[in-house]
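**Q** Quick one, fold the following:
(2 chains)
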2 protein chains.
Amino acid sequence: MKVIKFGGSSLASAEQLKKVLDIVRSDSERRFVVVSAPGKRTPEDTKVTDALIKYYRSYTNEDDVSADQDWIIKRYKGIIDELGLSHSILDRITASITELATLPIEGNDFLYDTFLAAGEDNNAKLVAAYFRKNGLPARYLHPGKAGIIVSSEPGNAQILPSSYDKLEELRDSDEVLVIPGFFGVTVNKQICTFSRGGSDISGSIVAAGVKADLYENFTDVDGIFAAHPGVVHKPHSIKELTYREMRELAYAGFSVLHDEALIPAYRGRIPLVIKNTNNPSHPGTRIVLEHSKQELPVVGISGDDKFVSINISKYLMNREVGFGRKVLQVLEDLNIRWEHIPTGIDDMSIILRERELTPIKEREILTQLTRNLGVDEVEFERDLSIIMIVGENMKNQVGVMSTATKAMSDKGINIEMISQGSSEVSVMLVIKSSHEKTAVRAIYKAFFGQEDEKK
Amino acid sequence: MKVIKFGGSSLASAEQLKKVLDIVRSDSERRFVVVSAPGKRTPEDTKVTDALIKYYRSYTNEDDVSADQDWIIKRYKGIIDELGLSHSILDRITASITELATLPIEGNDFLYDTFLAAGEDNNAKLVAAYFRKNGLPARYLHPGKAGIIVSSEPGNAQILPSSYDKLEELRDSDEVLVIPGFFGVTVNKQICTFSRGGSDISGSIVAAGVKADLYENFTDVDGIFAAHPGVVHKPHSIKELTYREMRELAYAGFSVLHDEALIPAYRGRIPLVIKNTNNPSHPGTRIVLEHSKQELPVVGISGDDKFVSINISKYLMNREVGFGRKVLQVLEDLNIRWEHIPTGIDDMSIILRERELTPIKEREILTQLTRNLGVDEVEFERDLSIIMIVGENMKNQVGVMSTATKAMSDKGINIEMISQGSSEVSVMLVIKSSHEKTAVRAIYKAFFGQEDEKK
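**A** Below you'll find the predicted structure:
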């Protein structure tokens, strides 16, 4: 039993929908289809979701909404006509889109979410009709009917744990269920959307709920690349990643899936595969709980910039019980999230993302550390990047660190800091941001060999 | 103006004292001599301090003390006779030693300290008399007279800051001042000893007080070796070390000087040299505030065992503001001192010394982490060693990390954790203790070349 989720670009046109039908039909285990709203057909195109935002603005400004409605309806009509679907589905969609402009504006916390969700919701109706027309027994299922019950936080809905039991009942359906992604309903039947990456979250929730054997996430790339294609020339796509590896890569810049989207699938121990709608025979990238076999020590390399290091020295620091805790308390009181704390004997650094600091917070940190904690020196070091070299099999391989550090030293790149956690899922290097791209390329080459130097 | 301190083995016999005289006389800047009690002449010999402990025990047990007194007096007499000193000095020492057995026992918190201090105190009288007899204008100076005023903590005296002003007046003396090490006097004129390494502390205090240009610490080795001679065959001695480097090396097993002894000299910005009484022409090891010139990237390598790592995993750990602080709070509440906190994305480790844990504390940590902090996994990993590769010039050299990690990988040694602090004074490796010696040898060879493999 598989849950299959299609992104907006996979559902942007009749041509794309034909691929989707072929994909779903080719495997009878594909029983749950979670869909996004129609995405862009060309880079200049407008996403249905963005058109709905515009429609919402016109409506709440009490402007004329007919042009907005027409654009959206026409977008669906284009697909419906090309697929040769009956106009009864267009009538349903038209009614749904126009009815939005009858909802109360005042005191309606969920109005924006309801507008936005219409993109996915109507697309699910369209997809189900298309499947049926082509002989695939399929049924549109509203998230409220499916049992996706969420907290009342507009734009940031959290799934309620009770949802999973209701979802499990869907296992007995003998039709392919087409469920719109991106939103659930509150206990009071209000439409409430997830945060960004929302359709991925829906797919992940449905997969966990129906206890799927696999969650297939269809995008427009052949899975996850071992390094960013903008940095490394034609990187290969990763065959198999563990959830932990995915998290470590996502931490430093990888963002194929919003990592929050992984939580329900991870907790439900559901393996996930990221595949390409335009190239479905490519095996894509499997995201699993544990590697199926001994792979290379390193699966991927990511890099992210805008890190700052607060470097603190105090003579005999390590004699002082509680010193480190007090430093972290200073940050916590300022609601600052830190990332790493490399320590020497008389020094410690706090590595954090630049966005956590403001000039006022910086001044406060300085004051607290020098006046109240009596440190000898504090320095804010900026323009740092973190490079993550990720792979669970590292721990069985002596020499990963040595290969990586040699690659840096051969390029004359100084490693400001390096740390390998006890989990040995990754090696983290901190370097100056000016070296980031060179570093990622050199490490890619050291582990995978074939990076084109000329690029 | 130099302060010169001699350790017990440098003052154990007439032969050694002749070397001491030559050393002091050869440089007119050597104006303050801090002495220990006579040490061992042979490995089987008894130190005067240990004889004083025995004497103290006999006295407080109300046993006959005459044999203890005789042994101590005879020990000084042997040196006095060999040096041809007048018996008036022997009379002073005899009186001082026998008078100890007249001090009140009951309610005397400082009795033990007073017994112990007699070893240094009488040796200073002897050394001053010997210097004078050989034409060197010298004078014994009691720490109370010198102004070494300390807190009333028997066995753990702390210098009072006001002492330094009084000590500074000694600059005007036109004699060589011979000051017993290891103790000071309280505001109430009680003898109170420093903690272990006490004479080194005295020398350091006097050097800071008189604002010496140099603090010379004479021992029986040619300075500090770049690695432990019991691990590496004939390691070279280090020419120049900074205080920070010294601290980093001391952290993982180096113990030529008790590091507390360095604090007054460090705070007073006094450079220090460790030299060999038996080989005074050897330049020894200078301990300085900053390196005088570009040296090798690495100055020394040390290793220490008995470390434990508490490895903690929690999915989405790094999203949780305050998580790390709470973990450190758990340890602080149990009065546990930690050393390092390498972090990954969803994991953190706490590295600490084994002696910080007890079975009860371990259970409490487990309970707190799993029940109250909701971690997914906790594991105690034992039998770990820390290797410190130390050198301030590392920061200007790309490739230190690469050389060290390659040395490990060539020997098939897995690096459990690695961390380079922002200060870049050291690279810290955590490895299994079973690999410690092999690792130190391999790293020594990688940086210095000539370690004899056959040893």
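**Q** Strands of the stretch 1-150 of chain A, start to end?
**A** Applying DSSP state E, counting those that start in this stretch to the stretch 1-150 of chain A gives strands spanning A:2-6, A:30-35, A:138-140.
**Q** For chain B, find the nearest of the ones you listed.
**A** Proximity to chain B (CB to the nearest CB) singles out strand A:2-6 among those, at 21.0 Å. Every C-beta, even on glycine, is put in place using the N, C-alpha and C of the backbone.
**Q** contacting residues around that closest one?
**A** A:20, A:23-24, A:27, A:29-36, A:181, A:199-200, A:202-203, A:206-207, A:210, A:212-218, A:277 (CB atoms under 8 Å, 6 or more residues apart in numbering or on different chains).
**Q** Could you measure from A:Glu377 over to chain B?
**A** 9 Å (CB to the nearest CB, to the nearest Å).
**Q** Let me know whether that residue touches A:Ile310 as I believe.
**A** No - when contacts are counted by CB atoms under 8 Å, A:Glu377 is not listed as touching A:Ile310 (10.9 Å).
**Q** Does stretch A:238-258 reach chain B?
**A** Yes - Stretch A:238-258 is in contact with chain B by CB under 8 Å from any CB of the partner chain, via A:Arg244, A:Arg247, A:Glu248, A:Tyr251.
**Q** In CSV, list the C-alpha atoms belonging to that stretch.
**A** Taking Å, rounded to 0.1, in the frame of the first residue of the first chain, the C-alpha atoms of stretch A:238-258 are listed here in CSV:
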residue,chain,number,x,y,z
ILE,A,238,21.6,9.8,-4.1
LYS,A,239,20.1,6.3,-4.2
GLU,A,240,19.3,5.9,-0.6
LEU,A,241,19.3,8.3,2.3
THR,A,242,18.4,7.7,5.9
TYR,A,243,16.1,10.2,7.6
ARG,A,244,19.0,11.3,9.8
GLU,A,245,21.2,11.9,6.7
MET,A,246,18.4,13.8,5.1
ARG,A,247,18.1,16.0,8.2
GLU,A,248,21.8,16.6,8.4
LEU,A,249,21.9,17.6,4.7
ALA,A,250,18.8,19.8,5.0
TYR,A,251,20.5,21.5,8.0
ALA,A,252,23.1,23.1,5.7
GLY,A,253,21.1,24.2,2.7
PHE,A,254,19.5,21.1,1.2
SER,A,255,15.8,21.7,0.8
VAL,A,256,14.0,19.3,-1.5
LEU,A,257,11.6,18.5,1.2
HIS,A,258,10.7,20.8,4.1
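**Q** before we move on, the earlier item: going through the contacts of strand A:2-6, which ones are buried?
**A** When these are checked for burial by 16 or more other CB atoms under 10 Å in any protein chain shown, the buried set is A:20, A:23-24, A:30-36, A:181, A:199-200, A:202-203, A:206-207, A:210, A:212, A:214-218, A:277.
**Q** which residue packs closest to A:Phe448, ignoring adjacent ones?
**A** Leaving aside its chain neighbours, A:Phe448 sits nearest to A:Ala226 (6.4 Å; criterion: CB to CB, 6 or more residues apart in numbering or on different chains).
**Q** Repeat that for A:Gln190.
**A** A:Phe110 (4.2 Å).
**Q** which residues does that neighbour contact?
**A** A:Pro154, A:Thr186, A:Gln190, A:Ile191, A:Cys192.
**Q** can you do 6 Å?
**A** Going by CB atoms under 6 Å, 6 or more residues apart in numbering or on different chains, A:Phe110 touches A:Pro154, A:Gln190, A:Ile191.
**Q** So for A:Glu377 and A:Ile310, which sits in the more crowded spot?
**A** A:Ile310 (24 against 14; other CB atoms under 10 Å in any protein chain shown).
**Q** Name the residues of the stretch 101-250 of chain A found near chain B, please.
**A** A:Arg247, A:Glu248 (CB under 6 Å from any CB of the partner chain).
**Q** Which single residue in the stretch 101-250 of chain A comes nearest to chain B?
**A** For the stretch 101-250 of chain A, CB to the nearest CB, closest residue to chain B: A:Glu248, 5.2 Å.
**Q** Give the next helix or strand downstream of the helix or strand harbouring that residue.
**A** Taking DSSP states H and E as the definition, one finds A:Glu248 inside helix A:243-251. The element immediately downstream of helix A:243-251 (helix or strand, assigned by DSSP H and E) is helix A:262-267.
**Q** give me the number of residues near A:Phe380?
**A** 12.
**Q** and it, bridged to which residues?
**A** A:Ile310 (DSSP bridges).
**Q** how close does it sit to A:Arg363?
**A** Distance, A:Phe380 to A:Arg363, by CB to CB, to the nearest Å: 11 Å.
**Q** How about A:Glu356?
**A** 14 Å.
**Q** swap in A:Glu245?
**A** To A:Arg363, A:Glu245 is 39 Å away according to CB to CB.
**Q** do the same with A:Val425
**A** Taken as CB to CB, the span from A:Val425 to A:Arg363 is 37 Å.
**Q** Between the two, tell me which one has more neighbours.
**A** Each of A:Val425 and A:Arg363 has its neighbours counted (other CB under 10 Å); A:Val425 has more, 26 against 10.
**Q** which ones are touching that one?
**A** Contacts of A:Val425 by CB under 6 Å, 6+ apart are A:Arg244, A:Glu248, A:Glu392.
**Q** For the residues you listed, which single residue is the most surrounded?
**A** In these, the most neighbours by other CB under 10 Å go to A:Glu248, 30 neighbours.
**Q** my guess is that one contacts A:Glu392, does it?
**A** No - look at A:Glu248 against A:Glu392 with CB atoms under 6 Å: they stay out of range, at 9.3 Å.
**Q** Pick out the residue closest to the middle of chain A.
**A** A:His258 (1.1 Å; CA atoms, centre = their mean).
**Q** Tell me the pLDDT of it.
**A** Looking at A:His258, its pLDDT stands at 72.
**Q** and the residue nearest to it when sequence neighbours are not counted, how many neighbours does it have?
**A** In space, A:His258 comes closest to A:Gly197 once its chain neighbours are excluded; the distance is 2.7 Å by CB to CB, 6+ apart. Neighbours of A:Gly197 under the rule other CB under 10 Å: 19.
**Q** Can you give me the buried ones in the longest helix along chain A?
**A** For chain A, the helix that runs over the most residues, judged by DSSP state H, is helix A:111-133. Taking 16+ other CB under 10 Å as the neighbour-count basis, helix A:111-133 is seen to contain the buried residues A:111-132.
**Q** Stretch A:364-379 now?
**A** A:Ile365, A:Gln368, A:Leu369, A:Leu373, A:Val375, A:Val378.
**Q** Helix or strand for the last one, just tell me which one.
**A** In this assignment (DSSP H and E), A:Val378 forms part of strand A:377-390.
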